[in-house]
Structures are given as C-alpha cells and as structure tokens.
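Asker: need coordinates for the following:
(one chain, ligands or ions: 1)
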Amino acid sequence: MVRTRSWIVLCLGLLTAGAPAAYAADCPGHPDALGTSRTLVVDPREHPRIGTMQYRETLPLRDHEVVLTFDDGPLPKYSNQVLKMLDDECIKATFFIIGQQAKANPEGVRKLVAAGHTVGTHSMSHPLTFDRMPVEKYEPEINGGIEWTSAAMTDPSKLAPFFRIPGLMRAEGVENYLISRGIQVWSADFPADDWRHVSSDRVYQLAMQRLEAKGKGILLLHDIQARTVAALPKIIRDLKARGYRIVHVVPATADRPATPTTPVEWLLHPPTETTPIARWPAVPNFVFTETRTLPAPALADLNALTEHQPLLPRRTKAQTNIASTLAVPGRDLFAIPEGSVEVLLSTTLSRRAATRMAMAAETPHTAKDKAAKGKAGKMHAPRTAHAAPAGPKHAAQAKNTAPKSTTPTRLATGVKKRA
Ligand SMILES: [Zn+2]
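Answerer: Prediction:
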C-alpha cells in the first residue's frame with residue numbers, strides 16, 4: 001500500500017517535473033522553485049465580485065492554476081516568515097491588509113510591495129459585522145483600511161483596488177459601495193481553516209484536498225498564524241509535486257490593460273457544448289411600461305361600505321334581484337317519487353320484506369345519529385348538564401320523534417297504502 005502510494009507520488013513527480021522547471025529559471029538561486037507561471041491583469045469594473053465561496057464568478061484561471069491570498073497582516077513575527085518562503089519560491093501572492101496592522105507596522109506593507117506582491121485591503125479594525133452594519137459604520141471601516149495601508153506605502157498608487165470583507169460577512173450594501181468606487185470584492189474559492197484551532201498538518205491537508213476538489217482557484221490563508229507558517233512549506237511542496245502553477249493577479253491600469261478573457265472563463269467550471277443548460281435561452285426580464293394603468297383595487301370594490309365594515313361577502317344588488325324573482329321551491333320537489341326501490345320490490349317480495357328493505361335503505365342515517373348522540377352523551381355527560389337547554393332537548397326530541405317523522409316511516413306507510 002505504502003509502496004504503491006510512493007510510486008504514484010514518484011510518477012506524478014516525474015510527469016510534472018518539467019512544468020515548475022520552466023518558471024524556476026525566473027528564480028535566481030532557487031532552481032527548484034515553484035515560481036509564478038503568469039500574471040493575470042483584471043479590471044474590477046468588469047468583474048466586481050469574485051470567489052465561488054460566495055459568488056458566481058471567480059478569477060479566469062486555467063486548470064491547475066492557483067492564486068495564493070493572505071489576510072489580516074502584516075504581523076512581523078509570522079508575516080516575515082511567509083514573505084521569506086514566498087521569496088525563496090519566487091511566488092507572487094495577494095495580501096489583504098488590516099488598517100490597524102498597517103498603522104502599527106508600515107514597514108511590513110512596504111516589504112510586500114518591494115517583493116512585488118499585490119496589496120489590497122481588509123478594513124480598518126476587522127469587525128465581523130459587515131453583514132449588519134449601517135453605511136455610517138462600514139464606510140469609515142473600508143476607508144480607514146485604505147488610508148492607513150496606502151499611507152504605509154512609498155508609492156500609494158501601488159495599492160490594488162481589491163477588498164476582502166472581514167470574515168466574508170458580505171452584504172449587498174457593502175458590496176455596492178465598494179463596486180461604486182471601482183473596488184473588486186474578493187471572496188475565495190476555498191479556505192484552509194487556518195484561523196481555527198487545528199494543527200498545521202490539518203491546514204495543509206485541507207488546502208490540498210479542497211484545491212484538488214476544484215482543480216484550481218483562490219486559496220484563502222492568513223499570514224498572522226503560526227500554523228499557516230508551518231503548513232506553507234508542505235503546501236508549496238505539494239503544489240509543485242502535483243503540477244500546480246501559481247498565478248499573480250494585478251489590477252488593470254491606464255498603461256496595463258486587462259488580460260483578454262471571455263465571460264465564461266470567469267466561471268469555475270464553464271458549461272460545455274454538451275451541457276444543455278448552456279444553450280437554453282435565458283428567461284427574459286419583462287419591463288412593464290404601463291404600470292399606472294393597473295391601479296390597486298379600491299376598498300369599495302371589495303363590497304365594503306365603510307372602512308370599518310368587515311370585508312365579508314355581501315349580497316350584491318344582482319343577487320338580491322335574483323332572490324326576489326325566483327320562487328321558493330315546493331316541498332314536493334324533494335319527495336322521492338312513487339315507484340322507487342321499495343315499490344319495485346313489492347312486486348317480487350312480500351309487503352313486510354319490502355318495508356324492511358325500505359327502512360334499511362334509510363336507517364343508516366338515523367342509526368349513525370343515535371350512535372353519535374350516545375357517544376357524545378357519554379363523553380360529555382357532565383358538560384351537557386350545564387349546556388344550553390337546546391342541546392339535550394333536541395336530542396330527546398330526535399329520539400322520540402325520529403321513527404314517526406323521518407322518511408322511512410312515510411315510505412313504509414306509502415308501501416302499506418299501495419299494498
Ligand atoms: Zn480576516
């Protein structure tokens with residue numbers, strides 16, 4: 001098992017050995033360096049939100065391309081170690097700076113710029129409440145981070161218009177504010193949970209597992225964590241062994257146009273020709289120009305005379321007219337016509353049998369009634385005693401008069417008469 005695995009690793013190493021070598025030439029003194037395979041120039045105005053952890057679009061990376069990002073620094077103790085490792089491998093990454101960190105350690109920001117990394121911002125004090133902050137709160141948070149980070153730079157124009165919301169606590173208002181200022185909102189494609197209380201091995205495993213699952217993307221790390229510093233050499237070693245390539249992302253400027261891309265490249269997995277949905281026409285967005293011609297119904301339309309009158313269905317004038325012109329149907333309309341079942345039966349069966357049949361045909365109703373009453377009587381005996389007199393009285397009446405007044409008796413009488 002172990003031997004098989006080492007063989008696979010060895011084979012992978014041999015297969016991909018050629019790829020990093022091509023970039024190592026750009027890394028003097030480090031022939032085995034992972035290097036940076038290419039620089040991607042992006043225009044924040046064309047693709048304002050990126051990172052599939054939260055958004056539809058992400059950077060237009062090819063398979064096995066990775067963008068490394070580091071948040072929350074600079075914190076000299078760990079940031080300097082991260083910087084050294086990246087330098088040794090000639091890897092260019094993107095750093096999202098916290099304003100207060102830049103204020104406390106401006107030299108750390110200058111080092112990043114001098115090393116050629118991309119520097120964006122990550123708010124002033126890293127509040128994890130961007131998703132519920134009013135504009136009066138998030139505006140100074142965003143601007144404070146930008147001010148202090150650019151103040152730390154020798155050339156403030158080096159600051160990239162890239163922003164990552166602390167804790168990825170996104171909100172529509174925050175995003176719209178950033179976008180209105182031409183700032184690109186960066187989420188990520190996968191984290192490595194290096195801000196949690198996990199081992200550096202776990203950080204390395206998660207980074208590689210999640211990268212392998214997506215095949216490419218933006219990795220979210222933090223250069224202020226000891227476990228990240230410990231995990232980074234292993235991540236870099238594995239990226240090299242598995243043939244991944246590092247992409248450096250920079251913002252477009254007047255003299256540096258955006259890398260030409262097609263919209264579909266900004267999707268993590270662009271739909272192929274064989275995917276039916278890619279060819280399905282989009283549902284049109286209907287725009288109603290004449291909305292004013294469709295007023296909301298007035299209270300009067302709902303048959304309410306005054307606003308205090310409950311909105312119950314009321315007899316309309318038309319209904320009243322109908323009621324007054326149509327006569328009440330006569331009782332005999334509902335009588336069962338002569339010559340029905342029991343009469344027919346009386347020709348073949350005895351008169352007594354016909355009567356029984358006729359009774360049976362009608363009794364279920366009465367029997368059920370009685371049963372229900374009996375049950376109710378048992379169950380609610382104490383309560384019925386205190387109930388309105390109508391209840392028990394009605395029950396008693398029904399019991400006494402039912403056989404005489406209900407239809408079966410009448411029908412039986414009819415049979416008798418005929419016979
Ligand atoms: Zn953060």
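Asker: mind listing what V203 touches?
Answerer: Going by Cβ atoms under 8 Å, 6 or more residues apart in numbering, V203 touches 192-194, 227-228, 230-231. (Each C-beta comes from the backbone N, C-alpha and C, glycine too.)
Asker: among those residues, which two are most distant?
Answerer: Spanning the widest gap among the contacts of V203 are D193 and A230, at 14.0 Å by Cβ to Cβ.
Asker: got the residues of this structure near the ion?
Answerer: Within the chain, the positions lying close to the ion (Cβ under 5 Å from the ion) are 71-72, 166.
Asker: using a markdown table, lay out the contacts of V203 together with pLDDT.
Answerer: A markdown table is the format used below for the contacts of V203 (pLDDT from 0 to 100):
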| residue | pLDDT |
| --- | --- |
| A192 | 98 |
| D193 | 97 |
| D194 | 97 |
| R227 | 98 |
| T228 | 98 |
| A230 | 98 |
| A231 | 98 |
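Asker: which residues in the chain form strands?
Answerer: With DSSP state E applied, the chain shows strands at 38-42, 49-50, 65-71, 94-97, 118-121, 159-163, 184-186, 190-191, 217-222, 245-251, listed in chain order.
Asker: got those strands as a markdown table, with mean neighbour count and mean pLDDT columns?
Answerer: Below are these laid out as a markdown table (neighbours: other Cβ atoms under 10 Å; pLDDT from 0 to 100):
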| stretch | mean neighbour count | mean pLDDT |
| --- | --- | --- |
| strand 38-42 | 16 | 98 |
| strand 49-50 | 22 | 98 |
| strand 65-71 | 25 | 98 |
| strand 94-97 | 27 | 98 |
| strand 118-121 | 24 | 98 |
| strand 159-163 | 23 | 98 |
| strand 184-186 | 26 | 98 |
| strand 190-191 | 21 | 97 |
| strand 217-222 | 24 | 98 |
| strand 245-251 | 22 | 98 |
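Asker: among these, which is nearest I142?
Answerer: Of all the strands of the chain, strand 159-163 comes closest under Cβ to Cβ, at 6.7 Å.
Asker: flag the shaky bits of the stretch 301-419 of the chain, pLDDT-wise.
Answerer: 301-327, 332-355, 357-419 (pLDDT under 70).
Asker: mind redoing it with 50?
Answerer: 343, 347-348, 365-419 (pLDDT under 50).
Asker: do the same with the stretch 1-150 of the chain
Answerer: Short version for the stretch 1-150 of the chain, where the test is pLDDT under 50: 1-22.
Asker: go again using 90 as the cut-off
Answerer: Residue ranges of the stretch 1-150 of the chain with pLDDT under 90: 1-28.
Asker: ranges for the helices of it?
Answerer: 2-16, 18-24, 76-89, 99-104, 106-114, 135-152 (DSSP state H, counting those that start in this stretch).
Asker: could I get the full set of helices for the stretch 201-350 of the chain?
Answerer: In the stretch 201-350 of the chain, the helices defined using DSSP H, counting those that start in this stretch lie at 226-241, 276-279, 317-325, 341-348.
Asker: of all the residues in the longest one, which ones are buried?
Answerer: Taking 16 or more other Cβ atoms under 10 Å as the neighbour-count basis, helix 226-241 is seen to contain the buried residues 227-232, 234-236, 238-241.
Asker: just the closest of these to the ion, please.
Answerer: Distance to the ion, by Cβ to the ion, is smallest for T228 among the buried residues of helix 226-241, at 12.2 Å.
Asker: burial of the residue nearest to that closest one when sequence neighbours are not counted, as a residue count?
Answerer: Excluding the flanking residues, the one nearest T228 by Cβ to Cβ, 6 or more residues apart in numbering is D194, at 4.5 Å. Residues contacting D194 under the criterion other Cβ atoms under 10 Å number 27.
Asker: these two touch, right, D194 and I224?
Answerer: No - at 9.5 Å, D194 does not count as touching I224 under the criterion of Cβ atoms under 8 Å.
Asker: from memory S79 sits against G108, does it?
Answerer: Yes - look at S79 against G108 with Cβ under 8 Å: they come within range, at 5.5 Å.
Asker: more neighbours: those two, which one.
Answerer: Using other Cβ under 10 Å as the criterion, S79 and G108 rank with S79 on top: 25 against 21.
Asker: just the C-alphas of stretch 142-156, formatted as CSV.
Answerer: Listed in CSV are the C-alpha atoms of stretch 142-156, where the atom choice follows Å, rounded to 0.1, in the frame of the first residue of the first chain:
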residue,chain,number,x,y,z
ILE,A,142,-13.3,50.5,4.5
ASN,A,143,-11.8,53.9,4.0
GLY,A,144,-9.7,53.6,7.2
GLY,A,145,-8.1,50.4,5.9
ILE,A,146,-7.4,52.0,2.6
GLU,A,147,-5.9,55.2,4.1
TRP,A,148,-3.6,53.5,6.5
THR,A,149,-2.4,50.9,4.0
SER,A,150,-1.7,53.4,1.3
ALA,A,151,-0.1,55.8,3.9
ALA,A,152,2.4,53.0,4.7
MET,A,153,3.4,52.8,1.0
THR,A,154,6.2,54.8,-0.6
ASP,A,155,4.0,54.9,-3.7
PRO,A,156,0.3,54.8,-2.7
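Asker: and the residue of the stretch 201-350 of the chain closest to the ion?
Answerer: H222 (6.7 Å).
Asker: who's that residue bridged to?
Answerer: Beta-bridge partners for H222, by DSSP bridges, are D71.
Asker: surely it meets D194?
Answerer: Yes - with contact defined as Cβ under 8 Å, H222 reaches D194; the gap is 5.4 Å.
Asker: residues that sit against both of the two, list them.
Answerer: Going by Cβ under 8 Å, 6+ apart, residues that sit against H222 and also against D194 are T228.
Asker: contacts only, for the nearest residue to L128 once chain neighbours are set aside.
Answerer: Closest residue in space to L128, ignoring its immediate chain neighbours: G167 at 4.2 Å, by Cβ to Cβ, 6+ apart. G167 makes contact with 126, 128, 130 under the criterion Cβ under 8 Å, 6+ apart.
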